[in-house]
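Have a look at this fold, sequence not included:
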């Protein structure tokens, strides 16, 4: 019998180089199809769009436009988009371009009118422009679906323009886009979005459901420029009563409104909301907060970032009970919904108020910080636990402030029963100590600063005319100062997460 010859089975399976060659052939055919096809309106638009995306200029401009809408979600979306772009660009320039040295496509099939005046000299794979576009659009979408949908067509056009102008193969663009999406998700792993960080569940409390707003009296501080938001709320709740007033009349109008309202509404900054909360507590009625100031910490920590959030909560009757912080010194008492502090910070608040009417809130805050830190100040001396301590700052938050990765602090639980107390010890170089405390975690302990969570804090030996800041307002205290909590004392509307 003649022996059967051995059969090389590997010969029946295409080798890696064969598969690679076929993929490259498909890539080239797709490139030529795009290059030779006439795209209506493409010649005057896509090359300019491709040039505009050089060095991320287009995306920085887009981020500025998104942030200019002045909503917190839009600002976060813009910041996340830029951070994602930065990570994608760094990865492309340090790893991507050096790992695969692929030559650029030939320009013979590309009409001259489409070709860029300056041809790139780096390797072709992967596309840095596509990576930046995908990273920015994905980062924006992870924070805000609406803004993501608005940015996505622009990102897709930039990615297409790289093939259209003949500087990349389609596979370069696809690989770059995939890398950009990955960069955006990597940033989210470092800095979670607010949707990922769901506040702890709190039992829903009884509150009227106002389908058309009947029973709501909304007092708006027109000094904070809140007319647009109040108008949108009035359109959604046509039977609500809207009272517009100047800052000097806020207290009086809130008192009047509370006598006839089922729900007391307020639109303004944190100081205005503080006044409204005190009135609502005395009259034992729920509070509806529409952010209308510069910072709006309380409203944003509630999850109310605009009129849509508040309208939904009012129509559905969704409300919770939150803690109220209280301070007392001598015969003086007050409440705080956000923070209360002694030391340098109250002086900064006073400086900011002095300059804000002249140059605006944000520039005034920067100028105030510079003036306070450069001035020749002496530490506050206060007795804590029977010992006298020199302090640059004593901060007490109504609820625990957390960090979101590298992002600024916020509260997830407004009814935890605790005061978040931070202390910056006295000594030399107050600016260095304050900056160190600002970058520290919520429960750090060092020679410069410390933090603890307590239900009550008693301070003795406070010098006369010492400034105390609470929710952006400033008052004077002396002698003894007591800080405490009223647990779940205030009923406030907020959109509740779906279960």
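Thanks, I have the structure now. What you see is a predicted model, and the numbers here were worked out from it, not measured in a lab. Residues are numbered from 1 along each chain as shown.

those helices in the stretch 101-250 of the chain, which residues are they?
Ranges of helices in the stretch 101-250 of the chain, per DSSP state H, counting those that start in this stretch, are 128-143, 145-164, 170-190, 227-236, 250-258.

With distance to residue 422, mean neighbour count and mean pLDDT as new columns, can those helices be given to me in a markdown table?
All C-beta spots, glycine's among them, are computed from the backbone N, C-alpha and C. A markdown table is the format used below for the helices of the stretch 101-250 of the chain (distance: least, Cβ to Cβ, whole Å; neighbours: other Cβ atoms under 10 Å; pLDDT from 0 to 100):
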| stretch | distance to residue 422 | mean neighbour count | mean pLDDT |
| --- | --- | --- | --- |
| helix 128-143 | 28 | 30 | 91 |
| helix 145-164 | 34 | 20 | 88 |
| helix 170-190 | 24 | 21 | 88 |
| helix 227-236 | 32 | 16 | 85 |
| helix 250-258 | 30 | 19 | 94 |
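
can you put the ones you listed in a markdown table and add distance to residue 418?
What follows is those, written out as a markdown table (distance: least, Cβ to Cβ, whole Å):
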| stretch | distance to residue 418 |
| --- | --- |
| helix 128-143 | 29 |
| helix 145-164 | 34 |
| helix 170-190 | 27 |
| helix 227-236 | 32 |
| helix 250-258 | 28 |
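
Ok, which of the ones you listed comes nearest residue 318?
helix 227-236 (15.2 Å; Cβ to Cβ).

Residue nearest the middle of the chain, spatially speaking?
Taking Cα atoms, centre = their mean, the centroid of the chain lies closest to residue 76, which sits 3.8 Å from it.

ok, for that residue, nearest residue in space, not its chain neighbours?
Distances taken as Cβ to Cβ, 6 or more residues apart in numbering put residue 143 closest to residue 76, at 4.9 Å, once the chain neighbours are dropped.

wait, isn't that neighbour in contact with residue 193?
Yes - judged on Cβ atoms under 8 Å, residue 143 makes contact with residue 193 at a distance of 5.5 Å.

Can you check which residues contact both of the two?
Residues within reach of residue 143 and of residue 193 at once, by Cβ atoms under 8 Å, 6 or more residues apart in numbering, are 76, 80.

what phi and what psi does the backbone show at residue 126?
Backbone torsions of residue 126, given as degrees, to the nearest 10, read phi -90, psi 180.

Quick check: the gap between it and residue 52.
Going from residue 126 to residue 52 by Cβ to Cβ, to the nearest Å gives 20 Å.

one step back: how about the residue nearest to the centre of the chain, secondary structure?
Three-state call for residue 76 (DSSP: H, G, I helix; E, B strand; the rest coil): helix.

how far away is it from residue 142?
In terms of Cβ to Cβ, residue 76 sits 10 Å off from residue 142.

Residue 457 pairs with what?
Going by DSSP bridges, residue 457 is paired in beta bridges with residue 483.

isn't it right up against residue 421?
Yes - Residue 457 is within contact range of residue 421, at 5.9 Å (criterion: Cβ under 8 Å).

okay, and the common contacts of these two?
residue 396.

Helix or strand with the lowest mean pLDDT in this structure?
The helix or strand of the chain with the lowest confidence, counting by mean pLDDT, DSSP states H and E, is helix 430-439 at a mean of 53.

other SSEs contacting the helix or strand just after that one?
Of the helices and strands lying after helix 430-439 in sequence (DSSP states H and E), the nearest is strand 449-454. For strand 449-454, the packing partners by 3 or more Cβ pairs under 8 Å, 6 or more residues apart in numbering; DSSP states H and E come out as strand 419-425, helix 430-439.

follow-up on the earlier one: among residue 126 and residue 52, which residue is more densely surrounded?
Just comparing residue 126 and residue 52: by other Cβ atoms under 10 Å the higher neighbour count belongs to residue 126, 27 against 14.

Isn't that one up against residue 179?
Yes - in this structure, residue 126 is within contact of residue 179 by Cβ under 8 Å, at 6.0 Å.

domains of the protein?
The record's domain split for the chain, according to automatic domain parsing, is 16-190, 216-317, 334-488.

Would you single out the least confident of those?
When the domains of the chain are compared by mean pLDDT, domain 334-488 comes last with a mean of 73.

now do the same end-to-end measure for that one.
Domain 334-488 has an end-to-end distance of 17 Å (Cα to Cα, to the nearest Å).

can you give me the strands for the stretch 351-499 of the chain?
With strands called from DSSP state E, counting those that start in this stretch, the stretch 351-499 of the chain shows them at 380-384, 387-398, 401-404, 407-411, 419-425, 449-454, 456-470, 473-493.

any idea which of those strands is most buried?
Highest mean neighbour count among the strands of the stretch 351-499 of the chain (mean count of other Cβ atoms under 10 Å): strand 419-425, with a mean of 22.

which neighbours does it have in its sheet, and in what orientation?
Taking DSSP bridges as the criterion, strand 419-425 forms sheet pairs with strand 387-398 (antiparallel), strand 449-454 (antiparallel).

can you put those strands in CSV and add distance to residue 184?
Putting the strands paired with strand 419-425 into CSV (distance: least, Cβ to Cβ, whole Å) gives the following:
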stretch, distance to residue 184
strand 387-398, 31
strand 449-454, 33
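
Which among the ones you listed is found nearest to residue 104?
Nearest to residue 104 among those is strand 449-454 (54.6 Å), distances taken as Cβ to Cβ.

tell me the angle that closest one makes with strand 473-493.
Here strand 449-454 points in a direction 40 degrees away from that of strand 473-493 (axes from the mean of the first three to the mean of the last three Cα atoms, to 10 degrees).

And residue 217, how far from residue 260?
Separation of residue 217 from residue 260 (Cβ to Cβ): 6 Å.

Which of these two has more residues huddled nearby?
residue 217 (24 against 10).

tell me, how many neighbours does the closest residue to residue 232 other than its chain neighbours end up with?
Spatial nearest neighbour of residue 232, chain neighbours left out: residue 307 (4.5 Å); criterion: Cβ to Cβ, 6+ apart. Residues near residue 307, counting by other Cβ under 10 Å, number 22.

show me the contacts for residue 307.
229, 232, 233, 236, 290.

Equivalent analysis for residue 398, please.
Residues in contact with residue 398 (Cβ under 8 Å, 6+ apart) are 323, 324, 325, 336, 337, 338, 339, 340, 414, 419, 420, 485.

Go ahead and confirm the last one touches residue 421.
No - using Cβ under 8 Å, residue 485 is not in contact with residue 421; the gap is 11.7 Å.

circling back: reformat the contacts of residue 307 as CSV; add distance to residue 284.
Converted to CSV, those look like this (distance: Cβ to Cβ, whole Å):
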residue, distance to residue 284
229, 27
232, 29
233, 24
236, 27
290, 21
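
between those residues, which is nearest residue 297?
Taking those together and measuring to residue 297 by Cβ to Cβ, the closest member is residue 290, at 14.2 Å.

who touches the closest one in this structure?
Contact analysis of residue 290 by Cβ under 8 Å, 6+ apart lists 218, 220, 226, 229-230, 233, 265-267, 299, 304, 307, 310.

May I have the phi/psi pair for the closest residue to it other than its chain neighbours?
With Cβ to Cβ, 6+ apart as the criterion, residue 290 has its nearest non-adjacent residue at 4.1 Å, and that residue is residue 267. For residue 267, the backbone dihedrals (degrees, to the nearest 10) come out as phi -130, psi 120.

got a list of what residue 267 touches?
Residues near residue 267 by Cβ under 8 Å, 6+ apart: 218-221, 224, 226, 229-230, 233, 289-292.
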